[in-house]
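S.K.: Show me how the following folds:
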Amino acid sequence: HPIVNFFIIPLFAFANAGIFLGDMDVTSVFEGVSLAVMSGLFIGKFTGIFLFSWAAIKMKIAPMPYLGNFKMLAAISMLGGIGFTVSLFIANLSFGSMGEHGLELLNNSKLGIILGSLLSGVVGYIMLTKTLPKEPLAEDE
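M.R.: Residues are numbered from 1 along each chain as shown. Sure, this is the predicted structure:
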C-alpha cells in the first residue's frame, strides 16, 4: 500500500495533469504567473482559511475542535494550500485558448501550482509534527 499511495497515485496524477517540465526555465519561478500562483496557494489559501476559522471561533459561530489550539489550526490551514487539481483546471481555462503566449503562461502557472502545493504540504507537515501531541491522549472514561 505505501508504494501505491506515495508513489504510483501521485505519479499517475502528475502524468494525467499534462505537465511537461522539460523546456521550462527554472528562473520563471521567481517572476510573473509562477510566483503569483505559488504565493496564492502558499500564502493566500493559508491566510484565508486561518483567518476565517479564527474569526468563526472568536465570534462563537464554530467551536474550537476538541483538544485543539490555534497553532494546530494554523498547521491544518497550511495544508489547505495543496490545491493541485482545481488549480490546474482553472489555469487551463484561463490560459489554454490564448495561443503560443498562453501556452507559456499555462506552463508557468503549472510550475507555480506544483511548487506552491509542494511547499504547502511540506511546511504543513513540519508544522503538524511540531504542534501535535507526541503521545496519544488517554480516552475520557
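
S.K.: Tell me where the chain has helices.
M.R.: When secondary structure is read from DSSP state H, the chain shows helices at 2-3, 9-16, 32-39, 45-58, 70-79, 84-95, 99-131.

S.K.: where among the ones you listed is the average confidence lowest?
M.R.: Lowest mean pLDDT within those: helix 9-16, a mean of 75.

S.K.: Compute the inter-axis angle for it and helix 84-95.
M.R.: Relative orientation of helix 9-16 and helix 84-95, computed by axes from the mean of the first three to the mean of the last three Cα atoms, to 10 degrees: 10 degrees.

S.K.: Please compute how far helix 9-16 lies from its chain's middle.
M.R.: 16 Å (Cα atoms, centre = their mean, to the nearest Å).

S.K.: swap in stretch 62-76?
M.R.: 19 Å.

S.K.: can I get the CA coordinates of that stretch in PDB?
M.R.: Extracted as PDB, the C-alpha positions of stretch 62-76 are listed here (Å, rounded to 0.1, in the frame of the first residue of the first chain):
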ATOM      1  CA  ALA A  62     -18.000  27.400  15.500                       C
ATOM      2  CA  PRO A  63     -16.200  25.800  18.400                       C
ATOM      3  CA  MET A  64     -12.500  25.100  18.600                       C
ATOM      4  CA  PRO A  65     -12.000  21.400  17.900                       C
ATOM      5  CA  TYR A  66     -11.700  19.200  20.900                       C
ATOM      6  CA  LEU A  67      -8.200  19.500  22.500                       C
ATOM      7  CA  GLY A  68      -7.200  21.800  19.600                       C
ATOM      8  CA  ASN A  69      -5.500  25.200  19.700                       C
ATOM      9  CA  PHE A  70      -4.700  28.000  17.200                       C
ATOM     10  CA  LYS A  71      -1.200  26.600  16.500                       C
ATOM     11  CA  MET A  72      -2.800  23.300  15.400                       C
ATOM     12  CA  LEU A  73      -5.400  25.300  13.400                       C
ATOM     13  CA  ALA A  74      -2.600  27.200  11.600                       C
ATOM     14  CA  ALA A  75      -0.900  23.900  10.700                       C
ATOM     15  CA  ILE A  76      -4.100  22.400   9.300                       C
END
